[in-house]
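J.: fold the stuff below for me.
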Amino acid sequence: ETYNPYYMHLAARLCQANHNHKFTLQYIMWDYFKQVDQMEVRRLVNLSRFLAGAVGTFFMSLAVLKVMDMNHLSKRGRFFLQTFFEYVLTSNSEQAVLSIFSRVSAVT
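T.: Prediction:
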């Protein structure tokens with residue numbers, strides 16, 4: 001199945017309507033991160049595109065990645081992050097990318 005951005009836009013609307021949905025979505029992402037090693041490649045790509053869209057439209061922050069242990073990533077974990085950052089960097093303007101990374105640097 002190919003990636004469908006409809007669900008990212010739907011999630012954005014839900015998060016705008018109720019701030020609690022943002023936290024729920026963050027917990028869902030964290031649960032998915034725990035399952036990265038068992039996911040099919042197509043699902044990893046779709047999840048990375050969803051998350052890249054969420055970060056690119058600013059309804060989620062890069063801080064959602066904080067639960068991933070970057071020092072001990074599996075092959076699929078590295079693939080997920082590579083795909084995610086590829087979409088973040090290529091699907092947004094330079095100004096948007098700067099804003100995405102400056103938001104997370106202000107959090108830490």
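
J.: what about the residue most central in space within the chain, which SS state?
T.: The structure's the chain has its C-alpha centroid closest to residue 51; by CA atoms, centre = their mean the separation is 2.4 Å. The three-state label given to residue 51 by DSSP: H, G, I helix; E, B strand; the rest coil is helix.

J.: so which bits of the lowest-mean-pLDDT helix or strand in the chain are buried?
T.: Ranking every helix and strand in the chain by mean pLDDT, DSSP states H and E puts helix 94-107 at the bottom, with a mean of 86. Neighbour-count burial for helix 94-107 flags 97, 100 (criterion: 16 or more other CB atoms under 10 Å). Where C-beta positions appear, they are placed from N, C-alpha and C, glycine not excepted.

J.: now the helices for the chain?
T.: 6-17, 19-34, 41-56, 75-90, 94-107 (DSSP state H).

J.: now those helices as a markdown table including distance to residue 62?
T.: Shown next, in a markdown table, are the helices of the chain (distance: least, CB to CB, whole Å):
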| stretch | distance to residue 62 |
| --- | --- |
| helix 6-17 | 16 |
| helix 19-34 | 12 |
| helix 41-56 | 6 |
| helix 75-90 | 8 |
| helix 94-107 | 4 |
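
J.: pick the most buried one from those helices.
T.: helix 41-56 (a mean of 20; mean count of other CB atoms under 10 Å).

J.: in the protein, which ranges drop under the pLDDT threshold?
T.: Under the criterion pLDDT under 70, the flagged ranges of the chain are 106-108.

J.: about what we covered before: out of the helices of the chain, nearest to residue 67?
T.: Counting by CB to CB, residue 67 lies closest to helix 19-34 out of the helices of the chain; the figure is 5.1 Å.

J.: ok, and what's touching the closest one?
T.: 11, 14-15, 39, 47, 51, 54, 59-60, 64-65, 67-68 (CB atoms under 8 Å, 6 or more residues apart in numbering).
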